[in-house]
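Visitor: Just the structure for this:
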Amino acid sequence: MVVGDGRNSYESTFVIAADGLNSKMAQRLGVNKERHFRGTLRCMFSYVTDAEPPVPDALLHITGGREGPALLGMCCTHREGEYWIAVDDFSYKTDLKAGFERIMQRPAFAPWFRKMKTIRMTACVGNLYSPIAEPFRDNVLLAGDAAFSPQISINGGIICGWKAANAVVLALLEGRRDREGVENYLSWWKKDIVERHSLVGGNFMDSLDDGEADYLFSLFKKTLPATLDPFTAGKYMQGEMAAIMPVLMAERPAIIQKLQAFQSQSSDELYAMRRRFGCPNV
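Guide: Prediction:
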């Protein structure tokens with residue numbers, strides 16, 4: 001196999017494609033044509049100083065209600081005192097800048113941003129697909145978000161890279177320079193990534209307005225454990241949601257009805273609205 005970077009060519013037995021969400025390798029191999037399109041995510045990034053989040057050295061997610069934007073993520077950069085803030089949504093109708101400004105004005109978050117200064121801004125667009133069932137074609141192994149549907153997370157990406165590299169090394173040492181040689185990677189991917197991590201197809205917050213979202217999370221009385229794994233975070237959330245259900249039922253049963261309506265929808269139904277605004281590029 002011969003691969004190139006536009007200037008040089010390299011000959012190899014295997015190639016590991018770990019080129020992220022908008023993977024050119026996945027597109028050129030044609031595997032995206034076999035995946036289910038789930039929407040186009042639009043992201044606005046701000047690099048800021050003088051922000052005052054409650055936990056300075058953490059990755060923080062703010063989940064908005066149905067008014068949008070869908071999600072705001074905030075974390076430290078490699079520069080001391082500088083923060084990176086991402087605001088994203090699937091609908092091109094959502095004004096990300098206006099949505100961010102509205103979030104900054106909400107009472108729960110306003111103290112974080114009252115002194116904030118924006119240094120620079122940028123943006124990106126990413127297409128989301130269902131995970132690739134078998135991330136292997138023509139001796140190319142796909143790893144991380146190139147074969148998944150975001151987000152496999154930082155630690156998940158590291159594990160995928162190590163697993164793929166280890167499989168290739170063993171295949172070369174054993175002289176099995178084909179699919180059989182990397183079978184351990186493919187079986188691990190199917191069992192521990194595809195089958196283990198279900199992607200329900202939406203965000204339950206999409207069914208609530210901002211006021212309902214604020215009320216819901218005001219019932220969380222204990223601090224949940226920190227984690228970089230979004231799937232583990234989801235499990236923590238589910239456990240706390242179960243604990244507050246009696247109070248929610250007594251005080252705001254309409255919210256429970258909205259959450260139940262969300263849960264009754266299939267993954268395909270939940271992705272349908274996102275697909276309407278998307279631009280698949282297979």
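
Visitor: what sits against the residue lying farthest from the centre of the chain?
Guide: Relative to the average C-alpha location in the chain, and by Cα atoms, centre = their mean, no residue lies farther out than G175, which sits at 37.0 Å. G175 makes no contacts at all, as judged by Cβ atoms under 8 Å, 6 or more residues apart in numbering. Every C-beta, even on glycine, is put in place using the N, C-alpha and C of the backbone.

Visitor: Using the three-state scheme, assign it.
Guide: State at G175, reduced to three classes by DSSP: H, G, I helix; E, B strand; the rest coil: coil.

Visitor: distance of F14 from C75?
Guide: With distances defined as Cβ to Cβ, to the nearest Å, the gap from F14 to C75 amounts to 34 Å.

Visitor: repeat for S149
Guide: With distances taken as Cβ to Cβ, S149 is found 21 Å from C75.

Visitor: next one: G99
Guide: Counting by Cβ to Cβ, the gap between G99 and C75 amounts to 19 Å.

Visitor: Which of these two has more residues huddled nearby?
Guide: The neighbour comparison of G99 against C75 (other Cβ atoms under 10 Å) goes to G99, with 20 against 15.

Visitor: just checking, the more buried one touches I85?
Guide: No: G99 sits out of contact with I85 when judged by Cβ atoms under 8 Å, with a separation of 12.0 Å.

Visitor: What ranges does the chain have for its strands?
Guide: Secondary structure of the chain by DSSP state E: the strands cover 2-4, 9-11, 15-17, 37-49, 60-63, 71-76, 82-89, 117-129, 136-137, 140-142.

Visitor: List the strands paired with the third one, with their directions.
Guide: Partner strands and pairing direction for strand 15-17 (DSSP bridges) are strand 140-142 (parallel).

Visitor: Any chance you could list what contacts the partner strand?
Guide: Contacts made with strand 140-142 from outside it, assessed by Cβ under 8 Å, 6+ apart, are listed as 1, 14-18, 23, 25-26, 29, 31, 132, 135-136, 164, 167-168, 182, 185.

Visitor: now, which of the residues you listed lie within helices?
Guide: Cross-referencing the contacts of strand 140-142 with the helices (criterion: DSSP state H) gives M25, A26, L29, A164, A167, V168, Y185 as the overlap.

Visitor: Only the buried subset of those, as a ChimeraX command please.
Guide: For selection in ChimeraX, the members of the ones in helices among the contacts of strand 140-142 meeting the burial criterion (16 or more other Cβ atoms under 10 Å) are listed in this command:
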select :25,26,29,164,167,168,185
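
Visitor: between the ones in helices among the contacts of strand 140-142, which is closest to I255?
Guide: Ranked by distance to I255 (Cβ to Cβ), the ones in helices among the contacts of strand 140-142 are led by A26 at 39.3 Å.

Visitor: List the contacts of the closest one.
Guide: Contacts for A26 were tallied using Cβ under 8 Å, 6+ apart; they are A17, N32, I132, L142, A146, A147.

Visitor: pLDDT, distance to S207 and neighbour count added to the residues you listed, as a markdown table?
Guide: Conversion of these to a markdown table gives the following (pLDDT from 0 to 100; distance: Cβ to Cβ, whole Å; neighbours: other Cβ atoms under 10 Å):
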| residue | pLDDT | distance to S207 | neighbour count |
| --- | --- | --- | --- |
| A17 | 94 | 36 | 23 |
| N32 | 91 | 30 | 18 |
| I132 | 92 | 30 | 23 |
| L142 | 96 | 34 | 26 |
| A146 | 93 | 31 | 26 |
| A147 | 93 | 30 | 28 |
